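>>> need a 3D model of the following:
(one chain, ligands or ions: 1)
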Amino acid sequence: MNELLPIKNIFNNKDVVSIDQFDRASVEKLFTTTRRILKMSPSRRLNLLKGKLVTLLFFEPSSRTFGSFSAAIKRLGGLTIDYQNPTETSSAVKGETLEDTIKVFENYSDAIVMRHYEMGAAKRAADAALFIPVINAGDGSGEHPTQALLDGFTLRQELGKLDGLKGVLAGDLLYGRTVHSLIRLFNLFNNVTLYLLSPKNLRLPEELMKRFAKSNVKLVEIPTEKDIPRDCDFWYWTRVQKERFKDLKEYEKVKTRFILTPELVKERGNKNMLLMHPLPRVGEIDERIDSDPRSIYLNKQVKNGMYVRMGLLQLILGK
Ligand code: NCD
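Below is the predicted model:
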């Protein structure tokens, strides 16, 4: 596929590299398909990807994204070729280019789900694959579209809407690809306000601040936890992305600058809000929060991740 095509309600065999390809109607279509699959019996689901083989090509560590794509494909009756850490175990060690790896796996499979440590690698892979779709499972500090889609779906299921929401995005907004995709997703809806809370050196990239300055999504940077408005619908916490730091001393200084604690939730939260995180967490959420019914990072977000990926694969590859 040479072009990064807009989805515009037609998913068939399309690459999914960026949330920029989506319009509101396409997101709604994905959510409707996901709900339909949620209601289906496990045995009926098994027909949806029967005979399809998907390569999971993960150049970077992953538990949830890899696991949930793998589960989604198998629960729809499809099969996977699992390729984790190809930089250690495949021809990439010998110096094979990403493009060549993609062109080879294109001969074996019906789609490629790829995670890569370089921003822009998903687009390169999509350009290299001439006949089958490539789904971006995270490209460096670029984007993570399927995470944003599952986060959006979860908010929609829990709160009944995405329009008009107010939320906090906290943590590493510079390197965190999940928030880069999530902001793009919110921009497809109306009247969303996002409060951005990050260490000074991990603020949202200037380019995204500029791009969304006059858009549907209002971005408001706040300096401290004390500036979180009490009436937010959700808090979306994220991990400081250690692997993107050149100087680990810099990482050490900021890694737990913002910690989600029961005390903070009590002080700045409200009883209906949702506490979210894409995971993994490494100290930025106090474990005492796990038993709070408002926390959904270890249950609903994870579960919906599998179903949204089923929905997406069904629309791209299904009958
Ligand atoms: C995220 C990622 O890989 O970007 N994890 C995930 O896919 N759920 C977030 C992170 O690693 O911090």
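>>> got the domain ranges for this protein?
19-143+305-317, 145-301 (automatic domain parsing).
>>> now the end-to-end length of stretch 135-154.
20 Å (Cα to Cα, to the nearest Å).
>>> and that stretch, which residues are buried?
Within stretch 135-154, the residues that qualify as buried are 135-154, counting by 16 or more other Cβ atoms under 10 Å. Yep, even glycine has a C-beta here, placed from its N, CA and C like the rest.
>>> can you give me phi and psi for the residue nearest the centre of the chain?
Residue closest to the average C-alpha location in the chain (Cα atoms, centre = their mean): residue 147, at 1.8 Å. Main-chain torsions, residue 147, degrees, to the nearest 10: phi -70, psi -40.
>>> try residue 204
Torsion angles, degrees, to the nearest 10, at residue 204: phi -50, psi 140.
>>> with adjacent residues omitted, what lies nearest to it?
Excluding the flanking residues, the one nearest residue 204 by Cβ to Cβ, 6 or more residues apart in numbering is residue 173, at 4.2 Å.
>>> who in the stretch 201-319 of the chain is up against the ligand?
Neighbours of the ligand within the stretch 201-319 of the chain, by Cβ under 6 Å from any ligand atom: 238-239, 278-279.
>>> among those residues, which one sits closest to residue 4?
Among those, residue 278 lies closest to residue 4 (Cβ to Cβ), at 23.5 Å.
>>> list the contacts of the closest residue to the ligand within the stretch 51-200 of the chain.
Distance from the ligand to each residue of the stretch 51-200 of the chain (Cβ to the nearest ligand atom) is smallest for residue 65, at 4.2 Å. Listed by Cβ atoms under 8 Å, 6 or more residues apart in numbering, the contact set of residue 65 reads 58, 115, 137-138, 144, 146-147, 305.
>>> just put these in CSV and tack on pLDDT and secondary structure.
Below are the contacts of residue 65 laid out as CSV (pLDDT from 0 to 100; DSSP: H, G, I helix; E, B strand; the rest coil):
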residue, pLDDT, secondary structure
58, 96, strand
115, 97, strand
137, 98, strand
138, 98, strand
144, 98, coil
146, 98, helix
147, 98, helix
305, 98, helix
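>>> distance between stretch 108-125 and the chain's centre?
Put simply, stretch 108-125 sits 14 Å off its chain's centre (Cα atoms, centre = their mean, to the nearest Å).
>>> so how far is the first residue of it from its last?
Span of stretch 108-125 from end to end, Cα to Cα: 15 Å.
>>> with stretch 106-126 instead?
11 Å.
>>> for residue 22, which non-adjacent residue is spatially closest?
residue 7 is the one closest to residue 22 (Cβ to Cβ, 6+ apart), at 5.3 Å.
>>> swap in residue 251?
Nearest to residue 251 is residue 245, by Cβ to Cβ, 6+ apart, at 4.3 Å.
>>> number of residues surrounding that neighbour?
Neighbour count for residue 245, taken as other Cβ atoms under 10 Å: 18.
>>> got it, and residue 112?
Neighbours of residue 112 (other Cβ under 10 Å): 27.
>>> which residues in this protein form helices?
Along the chain, counting by DSSP state H, helices occupy 24-39, 42-45, 64-75, 86-89, 98-108, 121-128, 145-159, 177-186, 206-211, 248-254, 262-268, 300-317.
>>> between those helices, which gets the lowest average pLDDT?
Ranked by mean pLDDT, those bottom out at helix 86-89, with a mean of 73.
>>> quick one: distance of that helix to the chain centre.
The answer for helix 86-89 is 24 Å, by Cα atoms, centre = their mean.
>>> what do you get for stretch 300-313?
Relative to where its chain is centred, stretch 300-313 has its mean C-alpha point 11 Å off (Cα atoms, centre = their mean).
>>> distance of residue 288 from the ligand?
According to Cβ to the nearest ligand atom, to the nearest Å, residue 288 stands 21 Å off from the ligand.
>>> tabulate the domains of the chain (CSV), appending distance to residue 12.
Output for the domains of the chain, formatted as CSV (distance: least, Cβ to Cβ, whole Å):
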stretch, distance to residue 12
domain 19-143+305-317, 7
domain 145-301, 17
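>>> now do the contacts for the residue sitting furthest away from the middle of the chain.
Going by Cα atoms, centre = their mean, the residue of the chain most distant from its centre is residue 94, 30.6 Å out. For residue 94, no contacting residues are found, by Cβ under 8 Å, 6+ apart.
>>> same question, residue 255
240, 242, 282-284.
>>> returning to what we had before: how close does the residue farthest from the centre of the chain sit to residue 117?
18 Å (Cβ to Cβ, to the nearest Å).
>>> number of nearby residues for residue 232?
21.
>>> you'd agree it is up against residue 170?
No - checked against Cβ atoms under 8 Å, the pair residue 232 and residue 170 is beyond contact range at 10.8 Å.
>>> for the closest residue to residue 25 other than its chain neighbours, what are its contacts?
Counting by Cβ to Cβ, 6+ apart, the nearest residue to residue 25 once its immediate chain neighbours are dropped is residue 9, at 5.4 Å. Residue 9 makes contacts with 23, 25-26, 29, as judged by Cβ under 8 Å, 6+ apart.
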